[in-house]
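>>> just coords:
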């Protein structure tokens, strides 16, 4: 699939537009990656206060199941659904067996999820070997001026936005969402209002795990599936969530946008190293200036405390 | 009598919410003052401003004649203020004795510390539970422990935020006697309280806060006769 | 016994009384005499386990006692290691220069800790965000050091050498006439063991002192501590600096042990390890931290030797079991179980005394 | 693991019983003790993918040698620890093998970082050590022998060939650490020598897995040849991403395909027109290679791909055997002298491999591997017997002067 608008516009304007789009594509690409990295973690960390160091391994789980079921003959969208559900299921089981014992023990959740990540990484290596054959990125590419772009990657930011919209709907409009936000604000009060807080925690964790799985599924066609792949996501995930702050709905999209802008600009101007370092420095500064993240800042401005 | 605490045009806004909206309060040395007012009147916020937990949006705070408006909280405490919080602020996972030692170790040392510790334990009647974790005490006992910690600093001015919340009438009465005893020993005390029986037991002078402003001020009898005060408690003003 | 020394046995540490100190003394004595019984490798290996103890003890102090979770102690570890490398390679091992390098390797982490601590504690950074800031700092260090492979990254005659790490720094050397004492093998072991004892006893005194009282007060309720007139942020800063210098000490000793320091010592995996040790042992007690660190580093090595590719899985399972069944950490939980059991037995045998509530 | 263990057990039992009785017999029994080969390789962690075939290859060579009566009449015994792709583990286990297991030789390390982590330990103990990996080159160390290919073998063949076929504009993307930076320096120098121009050079931190920016930079520069010196699982994502953006430049590499068999793992055509110089890949067809593959797969049917480093590991064991036989002893100083004396060769799966006395590196037959659009492989060119000459020409001569350094084109030995 190829098309080109090169002959519709005069050269100078064309070049400018192409450069502008190239930067925008970069920004959107980075934005999508950060949003998708952060989503599952934001829900588990931001809403439940569990520091999930096994987040990367949920992503890995989603990617593996997607790749394996696609290679077994399932169409890609269904394979991705399988990956998402598989990660969610694993999350559900782990919540039942382990995580629910650690809800009021923030620090212990670090050790437990670290242990889970060790087991998952090495277990996958033993079960599935050091690598599995990857997938091909669907949809081909399109050209603009001297650049060509992957269609699939150009779509990822839209998918990220759609997901954010769906989550907004889930948390603002549905009974589950309202109860879960109430539970996070004040578990005792929510219980008094008739919410089954235990079930809500379980559902929230499962949702977080499934979203991590979805991230893995969406990126599965673009990266190599190896047991240690989770590490490629974990730092970006935490960075996005910290800058976002506790309220996923308010903070995640602006946080990803700001970080994507900073990273893209630095990487474009000074190379990938400065892009990476700049990302981490931004976090340090944001934490200092806005200790509760972007969402905390928004809430404060709107009259909360 | 000299003035120990004075606030001038004190204001605190949270976003659009005017929690404290221009309070001028004067507390004399040796006074026992009650602050009353319906929920959300700004009583606890006023205490936090006095102690420096929040910076005020406007106005000034004078303590013993010095402007302390921008002073850090721990320095205000070192100048002779002390507070018992609304929600018990004790060290739950530490034993009773250690709670008190932490409070006592700044003003005292060595044998004097041990003596002061015994006096405090006697004062709040927790000598037999000194090695119990504070978390295992009853709610009333936790309140007393915190009062004792606040008193341990030998403050010139003691702020008590709802000291009798969750106490039985008997405990409340004992607390009232304790407060009067402390005041009699020369300590200036400001109390936030809802329990009118308690206020009657201890107070010489009462200040009513409403919507972050001083609504009325005077002896308890005068306040009780003010029909508007009764009305704000019923939510009609 | 002077009052300050009696603080080794205070309320903030488990393990008290003659029996405890007797057992501990025997352990230290046996350890000190080990080089006469076991082979050179066992000694080198034991040194290696002990090297990490300082970073863990520092984290226990910061996290367990003062309630500040730092996820980036490895930044100070790495900074100290690289400082020792750069200084000692430039100045050589003549005279006391290696000791000067050692000293500077503790001063620099202290300065960084003052800077970072001031930035965080006076800037209102709290709770888990302290962890995020410190983690970010260590990751920045790692990423930066990894790309210093080129010859342009040279300080004096010391190449930083990128991801492959610096090596061949001289060992600690003490001038002693014709034959200077070189701290290597057994002598390094004794030095590290002596430092462990010194730091352990020093920390026990510190945490049981008035200072330690304030630390636990800050951990339990910082607002109350402040309202008792304590300068909470200064205390936090101070304890953070001490903990970071101890992480630095681990870094120097690690560098000396392998005459090697690498950026991956500051990576995510390396940064998580001290937290695992401290949490698994029982973060609120330095004795538990000490033994847990040695036990877990030993265990993970044993698993790697014996368990081949199942090693990491076993490690994960063990940590999970500890977290689920020993919520206060392995050693602290076991210790409290034993103590409570003893008390129960004592109560069962002792004549009943009823304490009457005074009316 | 060891098929001869009952025999070994009986022998050590015998030795143990007799030891107290007679000194003469016990020394005789000791002479029949197995030769201990320490192996430090990553069975888990980041590098397991490329290293697992190496571990199999050591085992294959050792079993073959043992079946034919061992070396100097003694059996070989492997002591392997899983180093978990963790540099600290390398240090712990190197010391364990030297001080506790008292091994006679150590084989191992994959990444340059892990090699540099243990090299000081080897040097301090004067331990005979084989590093069996292609790498950035330049290690001039009396105690170290290298069986992998080095830049002068891989780049001075590959780059001129590519420039002749595709053009003189070259763009390099490389992992931002020692291997990538030094290899990029080699590429830069060779391109200049050949009258070409570098139209871009970009270094990527190891943690990066997203390449959109890099892909745009390359498209803007429009090179004739794209040199990819990417390392590890994160960076491997580049290939799929460049394919989906339809980057479509011919690529050249010294690391890919031969190590982590990307052409088998990635969906075609992600590696279309990738050219790699390797001293072995499984696709090499020759009697020696076919025979090797048959024996390998018979013993280890689970192996996913027999890579270049597996061949290097296999050769290393045979080179050690040759060294010991020439020395007539397993005394490490004598074996090192024998290995460095010239004429130590083995006929491995890729052909004849000999140790260069000056640099302790090995000569290789270099294959130019071309990955086609369907990810099948052809070999358009073979260079026979390429020497590891560079260290020798810049002044490293281990046969005359002991050394323990690593040199690069911009960091040459002091004359």
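Cool, got the structure. On a predicted model such as this, the values are computed, not experimentally measured, just so you know. Numbering: from 1, shown residues only, chains lettered A, B, ... in the order given.
>>> confidence score at the residue in the stretch 1-150 of chain D positioned nearest to chain C?
Residue nearest to chain C within the stretch 1-150 of chain D: residue D:99 (3.3 Å; Cβ to the nearest Cβ). Every residue, glycine included, has its C-beta placed from N, CA and C. Here, the pLDDT recorded for residue D:99 equals 90.
>>> since we're on the nearest residue to it once chain neighbours are set aside, how many residues are nearby?
Counting by Cβ to Cβ, 6 or more residues apart in numbering or on different chains, residue D:99 lies nearest to residue C:41, which is 3.3 Å off, once chain neighbours are set aside. Residues near residue C:41, counting by other Cβ atoms under 10 Å in any protein chain shown, number 17.
>>> still on that earlier bit, surely the residue of the stretch 1-150 of chain D closest to chain C is in contact with residue C:48?
No - look at residue D:99 against residue C:48 with Cβ atoms under 8 Å: they stay out of range, at 11.8 Å.
>>> More neighbours: which of those two?
More crowded of residue D:99 and residue C:48, by other Cβ under 10 Å: residue C:48, with 22 against 19.
>>> how far does the helix or strand encompassing the more buried one sit from the chain's center?
Using DSSP states H and E, residue C:48 sits in helix C:40-51. Per Cα atoms, centre = their mean, to the nearest Å, the displacement of helix C:40-51 from the mean C-alpha position of its chain is 16 Å.
>>> now do stretch C:32-52
18 Å.
>>> buried residues in it?
C:34-35, C:41-52 (16 or more other Cβ atoms under 10 Å in any protein chain shown).
>>> Looking at those residues, which one is closest to residue A:284?
Nearest to residue A:284 out of the buried residues of stretch C:32-52 is residue C:52 (Cβ to Cβ; 26.2 Å).
>>> what's the burial count for the residue of chain D found nearest chain B?
Relative to chain B, the nearest point of chain D is residue D:88 (36.0 Å; Cβ to the nearest Cβ). Residues within reach of residue D:88, counting by other Cβ under 10 Å, total 24.
>>> do the one 10 residues further on as well
The number of residues packed near residue D:98 is 23, by other Cβ under 10 Å.
>>> how near is it to residue C:168?
Between residue D:98 and residue C:168 the computed distance is 17 Å (Cβ to Cβ, to the nearest Å).
>>> re earlier: look up the pLDDT of the residue nearest to residue D:99 for me, please.
Confidence for residue C:41, expressed as pLDDT, is 88.
>>> so what's it up against?
Shown in contact with residue C:41 (Cβ atoms under 8 Å, 6 or more residues apart in numbering or on different chains): D:95, D:96, D:98, D:99, D:100.
>>> Please identify which helix or strand holds residue A:18.
Secondary structure (DSSP H and E) places residue A:18 in helix A:11-41.
>>> And that helix, what does it pack against?
Packing contacts for helix A:11-41, counted by 3 or more Cβ pairs under 8 Å, 6 or more residues apart in numbering or on different chains; DSSP states H and E, involve helix A:55-71, strand A:141-144, strand A:147-150, helix A:151-173, helix A:197-219, helix A:231-244, helix A:248-270, helix D:212-221.
>>> Pull up the residues of the stretch 151-300 of chain C that are close to chain A.
Applying Cβ under 8 Å from any Cβ of the partner chain, we find that the stretch 151-300 of chain C lies next to chain A at C:268, C:272, C:275, C:276, C:279, C:280, C:283.
>>> burial of residue B:225, as a residue count?
Neighbour number of residue B:225 under other Cβ under 10 Å is 11.
>>> Tell me which two of the buried residues of stretch C:32-52 sit farthest apart.
Across the buried residues of stretch C:32-52 (Cβ to Cβ), the longest gap, 20.1 Å, separates C:35 and C:52.
>>> any idea of the pLDDT on residue A:8?
Reported pLDDT for residue A:8: 61.
>>> before we move on, what about the one 10 residues further on?
pLDDT for residue A:18: 80.
>>> number of nearby residues for it?
18.
>>> so who does the spatially closest residue to it that is not a sequence neighbour touch?
The shortest distance from residue A:18 to any non-neighbouring residue, by Cβ to Cβ, 6+ apart, is to residue A:145 (3.5 Å). The contact partners of residue A:145, by Cβ under 8 Å, 6+ apart, come to A:6, A:14, A:15, A:18, A:19.
>>> Contacts only, for the last one.
Okay, so that is residue A:19. For residue A:19, the contact set (Cβ under 8 Å, 6+ apart) comprises residue A:145.
>>> any idea how far residue A:262 lies from residue A:237?
Note on residue A:262: its distance to residue A:237, by Cβ to Cβ, is 17 Å.
>>> which one of the two has more residues nearby?
residue A:237 (25 against 16).
>>> Just the pLDDT for the more buried one.
87.
>>> Now do the contacts for it.
Going by Cβ under 8 Å, 6+ apart, the list of residues near residue A:237 reads A:37, A:38, A:40, A:41, A:55, A:56.
>>> And the contacts of residue C:41, which is closest to chain A?
residue D:96 (21.4 Å).
>>> List the buried residues for the helix or strand of chain B with the lowest mean pLDDT?
Ranked by mean pLDDT, DSSP states H and E, the helix or strand of chain B with the weakest confidence is helix B:227-234, at a mean of 75. Neighbour-count burial for helix B:227-234 flags B:229, B:232, B:233 (criterion: 16+ other Cβ under 10 Å).
>>> helices or strands up against that helix?
Using 3+ Cβ pairs under 8 Å, 6+ apart, helix B:227-234 sits against strand B:205-210, strand B:213-218.
>>> Kindly reformat the ones you listed as JSON lines containing distance to residue A:245 and mean neighbour count.
Converted to JSON lines, the helices and strands packed on helix B:227-234 look like this (distance: least, Cβ to Cβ, whole Å; neighbours: other Cβ atoms under 10 Å in any protein chain shown):
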{"stretch": "strand B:205-210", "distance to residue A:245": "33", "mean neighbour count": "22"}
{"stretch": "strand B:213-218", "distance to residue A:245": "34", "mean neighbour count": "16"}
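>>> Which one of those lies nearest to chain C?
strand B:205-210 (21.4 Å).
>>> Parallel or antiparallel, list what pairs with that closest one.
When pairs are called by DSSP bridges, strand B:205-210 turns out to pair with strand B:32-36 (parallel), strand B:213-218 (antiparallel).
>>> Rounded mean pLDDT for the helix or strand following the longest one, please.
Okay, so that is strand B:213-218. Note on strand B:213-218: by DSSP H and E, the next helix or strand toward the C-terminus is helix B:220-225. The average of the pLDDT scores along helix B:220-225 is 82.
>>> Buried residues, helix B:220-225. List them.
B:220, B:223.
>>> distance between it and the chain's centre?
22 Å.
>>> So which elements touch that helix?
strand B:205-210.
>>> Show me the contact partners of the strand it packs on.
By Cβ under 8 Å, 6+ apart, strand B:205-210 touches B:23, B:25, B:31-38, B:41-43, B:46, B:199, B:214-220, B:223, B:226, B:229, B:232, B:237.
>>> go again using 7 Å as the cut-off
With Cβ atoms under 7 Å, 6 or more residues apart in numbering or on different chains as the test, strand B:205-210 has contacts from B:25, B:31, B:33-38, B:41-43, B:46, B:199, B:214-220, B:223, B:229, B:232.
>>> For chain D, which residue occupies the most central location?
residue D:133 (1.2 Å; Cα atoms, centre = their mean).
>>> my guess is that one meets residue D:309, correct?
Yes - look at residue D:133 against residue D:309 with Cβ atoms under 7 Å: they come within range, at 5.5 Å.
>>> shared neighbours, the two?
With Cβ under 7 Å, 6+ apart, residue D:133 and residue D:309 have common neighbours residue D:148.
>>> confidence score at the residue of chain B found nearest chain A?
Using Cβ to the nearest Cβ, the single residue of chain B nearest to chain A is residue B:15, 3.1 Å away. Per-residue confidence (pLDDT) for residue B:15: 72.
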